[in-house]
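1. sharing a model that was predicted from the sequence below.
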Amino acid sequence: MEATLRIEALTYGTAAIAHADDGKAVFVEGAAPGDLVRVEIDEDKKRFAHGRSIEVLEAGEARVAPACPAAGTCGGCPWAHVSYEAQLEAKRANTVAQLVRVARFDRAAAEAVVAPCVPCKKPWGYRNKLEMSVGADAAGHLVLGMHADRSHELANVANCPLAHKPIQKAPKALQGALRFLQGSNDLGLFRVGVRHSDRTKSTEIALWTAPGPFPRATAAKMLKSALHATSIVRVIAEPGKARKIKGVEVLAGAGYWSERLGDFTYKVSAPSFFQVNTAQAQTLIDLVRDGLHVPSHGRVADLYCGVGTFTLPLADICDDVVGVESASSSVRDLRRNADENGVWIEVTGGDSARELPLLGTLDALVVDPPRAGLADGVPESIAAAKPGRVAYVSCDPATWARDVARMETVGYALERATPVDLFPQTYHNEVVSIFARL
């Protein structure tokens, strides 16, 4: 079934939205605001439909030519056909919409509390990390690629303009080396990661493999010739979403990736999380630190703190800082980063929801939870710790808006929410929100 529709806006997702003549919402892949498009409907439900643009009859003002030839196939830049100004407007609008829809804010109140989306100075070439899945082509040859949205198919991409320039061609270079290395033997490879820092010039290749024999010396030699790297490691883990890590082997070089934010150098192990946009990570730090008004003698906790993105800058201005993190690799990195940067941090390895009630009274608190948001009971534990101000950094506007409502029920008012564009050419963004105790 086909329809001709005028696109109204971008949604929080890969699709834009239009409405059919009967008022039904239609989510359209590959469209930009203002477009008049011919749409092939592939899913027609009672309350909504989903389809894809098969012809642009009239281009809207927001449509641009994608800078990446693989846009629309690999899934890495679903908004590449949308002007950057329109992307920023949509990210702020989606943040406001979630406050209205989920947190039940009055629209005027939501508009007043949400700041403009902070733009990225480099809408292309901003990623310090590429992650590629491993598959095989029809001839059985190893393929590195990305999974397109709503698809299990692997898109073989030779070049990624979202990444820092020195690693943009890494997919093609590493695929050739790994094909030669693997030959007819299954090495158990299921994922390949590459990190690069424009600031420290550190580059790490991480091979994720299932447990088993592996040609370590040959792999190091082959990969060194394919891509100049300061570190090459093998992460031994079980494939799947859980990815339980059994160990990390250093094949060559330093055994870690390093990055610099402000006055601090972070050494990051391959399994540890670090923001993929270094410049905008600094924006997050500045917003958190400025919003908390932390006294130098105050006690501050940083939950879900990772390798110390916020913890180290806070410890630089405050005498009593505790970082809580459950991932063992990140805990080790945090301790090392604190020691080597000359700051004192009380490091607690454990689940943030369980550890928070044990921290006592706090003057300020930072929470940067995973996409699922705050676990049950955490808002109540925050209220019991009585921090005067809370900085909540979120990567998911929907779960964040749910938690805004929960925070208000325990006595914390949302003072300011600032969307920050860490992921140009995609619908994702971070939100830095500041809560004040009533």
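-> Here it is on my side, so go on. Residues are numbered from 1 along each chain as shown.
2. how about the helices of the stretch 301-438 of the chain, start to end?
-> 311-315, 328-341, 352-355, 378-385, 397-409 (DSSP state H, counting those that start in this stretch).
3. to Pro370, which of these lies closest?
-> Among the helices of the stretch 301-438 of the chain, the nearest to Pro370 by CB to CB is helix 397-409 (9.1 Å). Every residue, glycine included, has its C-beta placed from N, CA and C.
4. quick one: buried residues of that closest one?
-> The neighbour-count check on helix 397-409 (16 or more other CB atoms under 10 Å) flags Pro397, Ala398, Thr399, Trp400, Ala401, Arg402, Asp403, Val404, Arg406, Met407, Glu408 as buried.
5. so that helix versus helix 378-385, what angle?
-> Angle between the axes of helix 397-409 and helix 378-385 is 40 degrees (criterion: axes from the mean of the first three to the mean of the last three CA atoms, to 10 degrees).
6. quick one: contacts of helix 397-409?
-> Under the contact criterion CB atoms under 8 Å, 6 or more residues apart in numbering, helix 397-409 has outside partners 12, 94-95, 98-99, 101-105, 371-374, 379, 382, 390, 392, 394, 414, 429, 431, 433, 435.
7. tell me the mean pLDDT over the helix or strand hosting Glu249?
-> Using DSSP states H and E, Glu249 falls within strand 245-253. Taken as a whole, strand 245-253 has a mean pLDDT of 96.
8. then stretch 391-400?
-> pLDDT averaged over stretch 391-400 gives 97.
9. could you tell me the end-to-end distance of that stretch?
-> One end of stretch 391-400 sits 12 Å from the other (CA to CA, to the nearest Å).
10. again with stretch 116-124
-> From its first residue to its last, stretch 116-124 covers 20 Å (CA to CA).
11. and for stretch 27-39?
-> For stretch 27-39, by CA to CA, the gap between its terminal residues amounts to 10 Å.
12. show me how far that stretch is from its chain's centre.
-> Averaged C-alpha coordinates place stretch 27-39 at 26 Å from its chain's average position (CA atoms, centre = their mean, to the nearest Å).
13. list the buried ones in it?
-> Those would be Phe27, Val28, Glu29, Gly30, Ala31, Ala32, Pro33, Gly34, Asp35, Leu36, Val37, Val39, for stretch 27-39 by 16+ other CB under 10 Å.
14. which SSE is Ala112 in?
-> Going by DSSP H and E, Ala112 is part of helix 107-113.
15. would you mark the buried spots in the helix or strand containing Ala219?
-> Element membership of Ala219, judged by DSSP H and E, is helix 216-226. Using 16+ other CB under 10 Å as the test for burial, helix 216-226 gives Ala219, Ala220, Lys221, Met222, Leu223, Lys224, Ala226.
16. just put those in JSON lines and tack on distance to Gly360.
-> Below are these laid out as JSON lines (distance: CB to CB, whole Å):
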{"residue": "Ala219", "distance to Gly360": "48"}
{"residue": "Ala220", "distance to Gly360": "48"}
{"residue": "Lys221", "distance to Gly360": "53"}
{"residue": "Met222", "distance to Gly360": "53"}
{"residue": "Leu223", "distance to Gly360": "48"}
{"residue": "Lys224", "distance to Gly360": "50"}
{"residue": "Ala226", "distance to Gly360": "52"}
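17. longest helix of the protein?
-> Ranked by number of residues, the top helix in the chain under DSSP state H is helix 84-101.
18. which secondary element of this protein has the worst mean pLDDT?
-> For the chain, using mean pLDDT, DSSP states H and E, the weakest element among its helices and strands is strand 154-156, scoring a mean of 85.
19. by contact count, what packs against that one?
-> strand 142-147 (3 or more CB pairs under 8 Å, 6 or more residues apart in numbering; DSSP states H and E).
20. which other helices and strands does the strand it packs on contact?
-> Partner elements for strand 142-147 (3+ CB pairs under 8 Å, 6+ apart): strand 129-136, strand 154-156, helix 170-182.
21. close enough to count as contact, Lys91 and Phe423?
-> No - judged on CB atoms under 8 Å, Lys91 makes no contact with Phe423 at a distance of 9.2 Å.
22. of the two, who's got more company?
-> Lys91 (29 against 23; other CB atoms under 10 Å).
23. what pLDDT does the model give the nearest residue to Lys169 once chain neighbours are set aside?
-> Distances taken as CB to CB, 6 or more residues apart in numbering place Asn159 nearest to Lys169, at 5.3 Å, with adjacent residues excluded. The model reports Asn159 with a pLDDT of 92.
24. which stretches of the stretch 201-350 of the chain have low pLDDT?
-> For the stretch 201-350 of the chain, applying pLDDT under 70 flags the ranges 241-242.
25. now with 80, please.
-> 240-243 (pLDDT under 80).
26. can you pull out the strands in it?
-> Secondary structure of the stretch 201-350 of the chain (DSSP state E, counting those that start in this stretch): strands located at 203-209, 231-237, 245-253, 257-261, 264-268, 299-303, 320-325, 346-349.
27. what's the closest of the ones you listed to Val288?
-> strand 299-303 (9.1 Å).
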